[in-house]
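Peer 1: Let me see the structure of the following:
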Amino acid sequence: MKNRKAVFSFSDIHVEVEGKEVVKGVSLAIAPGEIHAIMGPNGSGKSSLSNALMGHPGYEITGGEAYLDGNNLLEMEADERSRAGLFLAFQYPLAIPGVTVANFLRAALKSQRGPEADMSDFRKLLKKKMAGLSIDESFATRYLNDGFSGGEKKRIEILQMSVLNPKVALLDETDSGLDIDALKTVAAGINQFHDETKGILLVTHYQRLLNYVKPHHVHVMIDGRLVKSGGPELALKLEESGYDWVGAEAGLKAGA
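Peer 2: Prediction:
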C-alpha cells in the first residue's frame, strides 16, 4: 500500500478491566484501503482492545490517544464513535427478542444519519445488501439473532456493517464458530464492503479467515502488547508453528 494519512490510529493505548491492566501500550495506524489483522492466543488482550476502542463501558482506556479521520476518538461516547464511522462486529452477537432484524437495522441507520434523515431508501438498500450476502429476505422479519445459528449471527453482523457503511470496521473474531461454508460467505461480505476508502482491523486466532480476506499487515499480540508485525506470510508461520516462538523472541509467555 502507498503511504497515506491514517484514517484510524491509536497510540500507547492502555486498557483496564475491573482494575486489571489487559492492554499495555498498543499503537497502530490504519490507512484508507488497508486491512490489518491482530492475531494472538486467548487472553492476550485482542478483544479487550477492540471493545475499548469502540467505547464499551466495561473496558476503561487509562492512557494513550486514538483518532478516527482526524477526530479525537476518546472524547466521544460509544454512539458518537459509531456515528463518526467506527463499527465493531462482536465475537458473540446478542439476541434481542421482540426486535426484528429490519427494525434494528433501520433504527441503527437512522441513528447514524440523524433524526431528520430521509429513510425512504432503506427497504431497497436492505434488500440489496441481504442479496449480496445471500441472506434470505425472511430474516428481515425475524427477531434479531433469536434462534439464529452461529453462522447466521455473524452474517447479520456483516449485514449491519454493510448497511451502516463505516469508515473503519473492527471485526472481533468474526470467524469463531463458523463452518467452512459460513466462513466463506462472511469473508465474501467483508470483501464486498472493503474498498480503497475504508480501513479494517481483523482480530482472529487463526489463519483460516485470512485465506479469504487478505490482510496487508499482520500483528501478533501477547500479554497485552503488540510484539511482532509483518505481512501475510507471518500469519502462515503462526498457523504452522503457533505463538510460543513469538513470545520467546519478546521474552513473554504466549499464554500469559
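Peer 1: For the helix or strand of the chain with the lowest mean pLDDT, enumerate the helices and strands it packs against.
Peer 2: Among the helical and strand segments of the chain, the one scoring lowest on mean pLDDT, DSSP states H and E is helix 244-250, with a mean of 88. When contacts are defined as 3 or more CB pairs under 8 Å, 6 or more residues apart in numbering; DSSP states H and E, helix 244-250 packs onto strand 217-222, strand 225-230. From N, CA and C alone the C-beta is placed, and that goes for glycine too.
Peer 1: taking those together, which one is wrapped up most tightly?
Peer 2: The highest mean neighbour count among these, using mean count of other CB atoms under 10 Å, belongs to strand 217-222: a mean of 24.
Peer 1: quick one on the thing from earlier: kindly export the least confident helix or strand of the chain (C-alpha atoms) in CSV.
Peer 2: Output in CSV follows, covering the C-alpha atoms of helix 244-250 (Å, rounded to 0.1, in the frame of the first residue of the first chain):
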residue,chain,number,x,y,z
ASP,A,244,5.4,-19.7,21.5
TRP,A,245,8.3,-18.7,19.3
VAL,A,246,7.0,-15.1,19.0
GLY,A,247,6.6,-15.0,22.8
ALA,A,248,10.1,-16.3,23.3
GLU,A,249,11.5,-13.7,20.9
ALA,A,250,9.7,-11.0,23.0
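Peer 1: returning to that earlier point: tabulate the helices and strands packed on helix 244-250 in CSV, adding columns for distance to Arg155 and mean pLDDT.
Peer 2: Shown next, in CSV, are the helices and strands packed on helix 244-250 (distance: least, CB to CB, whole Å; pLDDT from 0 to 100):
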stretch, distance to Arg155, mean pLDDT
strand 217-222, 25, 96
strand 225-230, 30, 96
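Peer 1: between those strands, which gets nearest to Ser138?
Peer 2: strand 217-222 (38.1 Å; CB to CB).
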